[in-house]
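1. Got a predicted structure plus its sequence, pasted below:
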Amino acid sequence: MAIDQYLQIASKEKLKLTPEHYSLVKRTALYLKTRLPATIEVEDLMQSGLEGLMQASSSYDDARGVTFDQFARTRIRGAMLDEVRRLSPATRTTINIKREQSAAITHLSNHLGRTPTSAEVAVYLGKDIETFEKERLIAQGSDSVSSDASPDLVPDQHDEASEPSNVLEKQETLDELKTLIGDLPERSQLILSLYYVEELTLKEIADVISVSESRISQILTETATKLRARLK
């Protein structure tokens, strides 16, 4: 659905939606696409995300205590995962993936005495992190989006007191920092952009990325610490 068609429908249905909301759907679709097989098209994610956005607009109630943007992000991502589930039914392969990951997480948790990271589980399974994350998202999409189909693989090690923005405040050269950021993994770049450029809260980023707020804080803190060390 093109943006002009989207705005036309929004106007017809008397929905208070803007091009910025359309951009939110597009960003979410593009992010999820990087973690999904080639058989899942961005256009399909966009279509379902826009439907989720319009449903959010028609059902939003500010008495819920959350902003519309927060409410919409959850609905958009939920609609997209519903589409993933529709296009990727719970086949034997998907069931095996879920069992394999669950068994690996249980084994590593017992062995390490803590919840393993995604990277640790991927190494244990003999897979690269990209493949593991794609399979994890597919497994999550095969369940109800309202449930925690995929466990949080990273323990809550940081709280909001460790503010990531303080790490980057006093760096010497912006050009060098930009170069270093460009060398970061794609997900780290996305999180930095959402936090520092788009100024989303940790909770809002967590909704988009589908991990806990503490994990977002951890990624920001670790990334900023690495950047600071390389700038010295």
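-> Thanks, I have the structure now. Treat the numbers as computed from the prediction; the structure is a model and nothing was measured.
2. Distance check, the closest residue to residue 227 other than its chain neighbours against residue 80.
-> Here the nearest residue to residue 227 in space, its sequence neighbours aside, is residue 180; by CB to CB, 6 or more residues apart in numbering that works out to 5.4 Å. (Glycine included, C-beta is placed from N, CA and C.) Taking CB to CB, to the nearest Å as the measure, residue 180 falls 32 Å from residue 80.
3. Pick out whichever of those two has more residues nearby.
-> residue 80 (29 against 16; other CB atoms under 10 Å).
4. where along the protein do the helices fall?
-> Ranges of helices in the chain, per DSSP state H, are 3-12, 19-33, 42-59, 68-87, 92-112, 118-125, 129-141, 165-168, 174-182, 186-192, 202-209, 213-231.
5. Can you add mean pLDDT and give these back as CSV?
-> Below are the helices of the chain laid out as CSV (pLDDT from 0 to 100):
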stretch, mean pLDDT
helix 3-12, 65
helix 19-33, 86
helix 42-59, 87
helix 68-87, 83
helix 92-112, 82
helix 118-125, 83
helix 129-141, 73
helix 165-168, 36
helix 174-182, 65
helix 186-192, 82
helix 202-209, 81
helix 213-231, 81
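6. ok, the residue most central in space within the chain - contacts?
-> The residue lying closest to the centre of the chain (CA atoms, centre = their mean) is residue 209, at 1.2 Å. Residue 209 is in contact with 31, 187, 190-191, 216, counting by CB atoms under 8 Å, 6 or more residues apart in numbering.
7. again with residue 186
-> Applying CB under 8 Å, 6+ apart, we find residue 186 in contact with residue 34.
8. And for the spatially closest residue to residue 51 that is not a sequence neighbour, the neighbour number?
-> Distances taken as CB to CB, 6+ apart place residue 79 nearest to residue 51, at 5.8 Å, with adjacent residues excluded. Residues contacting residue 79 under the criterion other CB under 10 Å number 23.
9. Would you mind confirming that residue 79 is in contact with residue 47?
-> No: judged on CB atoms under 8 Å, residue 79 makes no contact with residue 47 at a distance of 9.2 Å.
10. So for those two, which residues contact both of them?
-> Counting by CB under 8 Å, 6+ apart, residue 79 and residue 47 have no common neighbour.
11. Pull the number of nearby residues for residue 68.
-> Residue 68, neighbours per other CB under 10 Å, totals 16.
12. For residue 61, see how far away it is.
-> From residue 68 across to residue 61, the span is 10 Å (CB to CB).
13. Fine by me, thanks again.
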